[in-house]
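Novice: Whatever this is, show me its structure:
(one chain, ligands or ions: 1)
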Amino acid sequence: MPAHRLLSRRLVIIGAAVVIAVLGACAVLAAQWAGLIGAPTTAAAAAAHTAAQQDNKHWAHGDNTLGVLGATFGLRIGTAVNTDALAKDAAYRQVLGTQFSTVTPENAMKWGIVEPKQGVYDWAPADKLVAFAQAHHQLVRGHNLVWFQELPEWLNKQYRSISPDALRSILHKHITDEVSHFKGKIWQWDVVNEAFADDGTLRDDMFLDKLGPGYIADALRWAHEADPTAQLFYNDYNIEFSGAKSDAVYDFVKKLQKQGVPIDGVGFQGHFGTQFQLPDLQTNLERFARLGLNVAVTEVDVRTSMPVLAFEQSAQNAAYSQSLQACIAVRACISYTMWGFDDRYSWIPDSFPGQGSADIYDRNLHPKPQYDVLKQDLQLAADGAPVRTERGVR
Ligand code: XIL
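Specialist: Got it, this is the predicted structure:
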C-alpha cells in the first residue's frame with residue numbers, strides 16, 4: 001500500500017483508538033511483553049494488532065519501544081551492536097535491551113575478529129552478544145561470512161601467493177566453523193557482503209580473483225550445510241535504488257535461485273546521507289520480494305556534516321522515516337536494522353571525517369527527533385501494515 005494511503009488510514013484509526021486507550025493500556029502492555037518480542041504466535045500477533053489500535057495514547061508517553069511497536073505487525077527493529085560498549089556501558093545495555101527486537105554484531109563476527117591467528121578462534125565477544133540477545137528475546141543477524149574487508153591479516157598476507165585450492169579450503173573451513181559455532185542461534189546470516197562494484201561488475205577482490213564468481217554460490221551452499229535453518233542473505237550498499245549495481249545483484253540472485261543455490265534474502269544496507277537524494281527503496285524491495293525472497297534493511301544511518309543545521313535535521317528525519325515506511329509497506333521485509341543506535345559509539349566520524357550525528361540517539365544516549373519519527377511511523381503502521389512472520393515469505 002502506498003505510504004500516503006497508509007498514513008491517512010492510520011490517522012482515522014488513531015482518533016477512534018484514543019478513546020479506548022486508557023482501559024486497554026494495561027492489558028496491552030502485558031500482552032506485548034508476554035509474547036511479542038519473543039517468537040510471535042498467531043494468537044499473539046492478533047492480540048498485538050488489537051493492542052496496537054488501543055495503545056495510541058500510551059506510547060506517546062514513552063511506554064512502548066521500537067521493538068514492541070514493530071512486533072504489532074511482525075517487523076523486527078534492530079541495531080548493530082558495539083561489543084565493547086555492550087561490555088562496559090550500562091546505559092547502552094539498557095537502551096539495547098529494551099528498544100530492539102533484533103541485533104547484529106557490528107564487528108564481532110567478522111573473519112578478522114573471530115580468527116585473528118590462523119586456526120585460533122576467539123568467539124567470546126560474539127558469544128556474549130548472542131547470550132544478551134537470548135536473554136532479551138532478540139533475534140540475531142549474523143554479519144558476515146565473506147567480505148573483502150576486515151579479513152585476518154594472516155590471510156591478506158597470503159593474497160599473492162595462495163593457490164585457488166588452498167583459498168577454497170580455507171574459505172570452506174571458515175564458513176563451516178563459524179556457522180557451526182553459532183548453529184541454531186542465528187536468524188539471518190549475511191553470508192556474502194558487498195561482492196559487487198557500483199558499475200554492476202563483481203568486485204575485483206581476492207575471492208573473485210582466485211576462485212571465480214562461483215565462490216558466492218559455494219559460500220551459500222557451505223553455510224546452508226552447516227546450519228540449514230538459518231536464513232541466508234546477500235547484503236550490499238547502493239542497491240537501495242535501481243541502477244547498474246542493483247540490477248546486477250537482481251540478475252545474479254535470480255540466477256542463483258534457478259541453480260537451486262540456497263539463498264533466502266537480500267539485505268539493503270541503507271547508509272544514507274543528507275547530501276544524497278533518497279533512493280526509491282520501496283520499489284526496489286518489492287522487485288526483489290517478487291522473486292520469492294525475503295528482504296531486510298540492514299544498516300541504516302543518516303549522516304550529515306557537523307554541526308547539524310535545522311534543515312539537515314529535517315532531512316535526517318525524512319530519510320529515517322522514508323526508509324522505514326518502505327520496509328513497512330513490503331510484507332517480505334522482515335527486519336529494519338540501524339547501524340548502531342547512538343552517536344556515542346557511531347562508526348561515522350572515523351570513516352567520514354567532518355560528518356556525524358547519524359543515529360537516533362545522541363552522545364548522551366538520549367533519543368533524538370529521528371527516534372520519535374520512527375516511533376510514530378511504527379505506531380501509524382500498527383493497523384493496516386502487512387503482517388509478517390519471523391520466516392517472512394520463505
Ligand atoms: C563497519 C564498522 O561499523 C566499523 O566499526 C568497522 O571499522 C568497519 O566496518 N558496511 C558493512 C559493515 O557491511 O560491516 C561496516 O561496518 C559498515 C559498512
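Novice: now stretch 265-276, how far from the centre of its chain.
Specialist: Mean C-alpha position of stretch 265-276 versus that of the full chain (Cα atoms, centre = their mean, to the nearest Å) differs by 11 Å.
Novice: In which helix or strand does the residue lying closest to residue 66 once chain neighbours are set aside reside?
Specialist: The shortest distance from residue 66 to any non-neighbouring residue, by Cβ to Cβ, 6 or more residues apart in numbering, is to residue 77 (4.4 Å). Any C-beta I mention is one placed from the backbone N, CA and C, and that applies to glycine too. Assigned by DSSP states H and E, residue 77 belongs to strand 76-81.
Novice: That strand - which strands sit beside it in the sheet, and in what orientation?
Specialist: As defined by DSSP bridges, the strand partners of strand 76-81 come to strand 102-105 (parallel), strand 333-338 (parallel).
Novice: contacting residues around the residue in the stretch 1-150 of the chain positioned nearest to the ligand?
Specialist: Taking Cβ to the nearest ligand atom as the measure, the point where the stretch 1-150 of the chain comes nearest the ligand is residue 106, at 4.8 Å. By Cβ atoms under 8 Å, 6 or more residues apart in numbering, residue 106 lies in contact with 80-83, 143, 339-340, 347.
Novice: Which parts of the stretch 201-350 of the chain are strands?
Specialist: Per DSSP state E, counting those that start in this stretch, the stretch 201-350 of the chain carries strands over the ranges 231-236, 265-268, 271-273, 294-305, 333-338.
Novice: Any buried residues in the shortest one, and which?
Specialist: Translated: strand 271-273. 271-273 (16 or more other Cβ atoms under 10 Å).
Novice: Output the residues you listed as TSV; include the columns pLDDT.
Specialist: Formatted as TSV, these follow (pLDDT from 0 to 100):
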residue	pLDDT
271	98
272	97
273	97
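Novice: could you redo these as TSV and give each row distance to the ligand?
Specialist: Below are these laid out as TSV (distance: Cβ to the nearest ligand atom, whole Å):
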residue	distance to the ligand
271	6
272	12
273	13
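Novice: what's the closest of those residues to residue 219?
Specialist: For the buried residues of strand 271-273, the residue nearest residue 219 by Cβ to Cβ is residue 271; the value is 22.9 Å.
Novice: The closest one reaches residue 319, doesn't it?
Specialist: No: applying Cβ atoms under 8 Å, one finds residue 271 not in contact with residue 319, separated by 10.5 Å.
Novice: Flag every residue of the stretch 151-300 of the chain that's near the ligand.
Specialist: 193, 269, 299 (Cβ under 6 Å from any ligand atom).
Novice: Now rank these by neighbours and give me the top one.
Specialist: Using other Cβ atoms under 10 Å as the neighbour test, those are led by residue 299, with 28 neighbours.
Novice: correct me, but that one touches residue 271?
Specialist: Yes: counting by Cβ under 8 Å, residue 271 is a contact partner of residue 299 at 6.0 Å.
Novice: Common neighbours of these two, please.
Specialist: 237, 339.
Novice: So what does the residue lying closest to residue 240 once chain neighbours are set aside have for phi and psi?
Specialist: Excluding the flanking residues, the one nearest residue 240 by Cβ to Cβ, 6+ apart is residue 279, at 4.0 Å. For residue 279, the backbone dihedrals are phi -80, psi 160 (criterion: degrees, to the nearest 10).
Novice: Now for the contacts of residue 106: which two are most distant?
Specialist: 83 and 339 (14.4 Å).
Novice: quick one: the closest residue to the ligand within the stretch 251-394 of the chain from residue 87, how far?
Specialist: Closest to the ligand within the stretch 251-394 of the chain is residue 347: 3.4 Å, counting by Cβ to the nearest ligand atom. Distance of residue 347 to residue 87, given as Cβ to Cβ, to the nearest Å: 18 Å.
Novice: again, but for residue 114
Specialist: Counting by Cβ to Cβ, the gap from residue 114 to residue 87 is 17 Å.
Novice: Of these two, give the one with the bigger neighbour count.
Specialist: Shown here are residue 114 and residue 87; by other Cβ under 10 Å, residue 114 has more neighbours (22 against 14).
Novice: so where's the stretch 151-300 of the chain uncertain?
Specialist: Within the stretch 151-300 of the chain, not a single segment meets pLDDT under 70.
Novice: residues of stretch 277-284 that come out buried?
Specialist: The neighbour-count check on stretch 277-284 (16+ other Cβ under 10 Å) flags 278-279, 281-282, 284 as buried.
Novice: Can you show me the CA trace of that stretch as PDB?
Specialist: Extracted as PDB, the C-alpha positions of stretch 277-284 are listed here (Å, rounded to 0.1, in the frame of the first residue of the first chain):
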ATOM      1  CA  GLN A 277      18.900  12.000  -2.800                       C
ATOM      2  CA  LEU A 278      16.700   9.400  -1.100                       C
ATOM      3  CA  PRO A 279      16.500   6.200  -3.100                       C
ATOM      4  CA  ASP A 280      13.300   4.600  -4.300                       C
ATOM      5  CA  LEU A 281      13.800   1.800  -1.700                       C
ATOM      6  CA  GLN A 282      10.200   0.500  -1.700                       C
ATOM      7  CA  THR A 283      10.100  -0.200  -5.400                       C
ATOM      8  CA  ASN A 284      13.400  -2.000  -5.200                       C
END
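Novice: Next, report how far that stretch is displaced from the centre of its chain.
Specialist: 17 Å.
Novice: go on, stretch 215-228?
Specialist: Worked out by Cα atoms, centre = their mean, stretch 215-228 lies 20 Å from the chain centre.
Novice: and the residue lying closest to residue 344 once chain neighbours are set aside, how far is that from residue 394?
Specialist: For residue 344, ignoring the flanking residues on the chain, the nearest one in space by Cβ to Cβ, 6+ apart is residue 363 at 4.8 Å. According to Cβ to Cβ, residue 363 stands 39 Å off from residue 394.
Novice: I figured residue 379 was touching residue 69, is that so?
Specialist: Yes: with contact defined as Cβ under 8 Å, residue 379 reaches residue 69; the gap is 5.8 Å.
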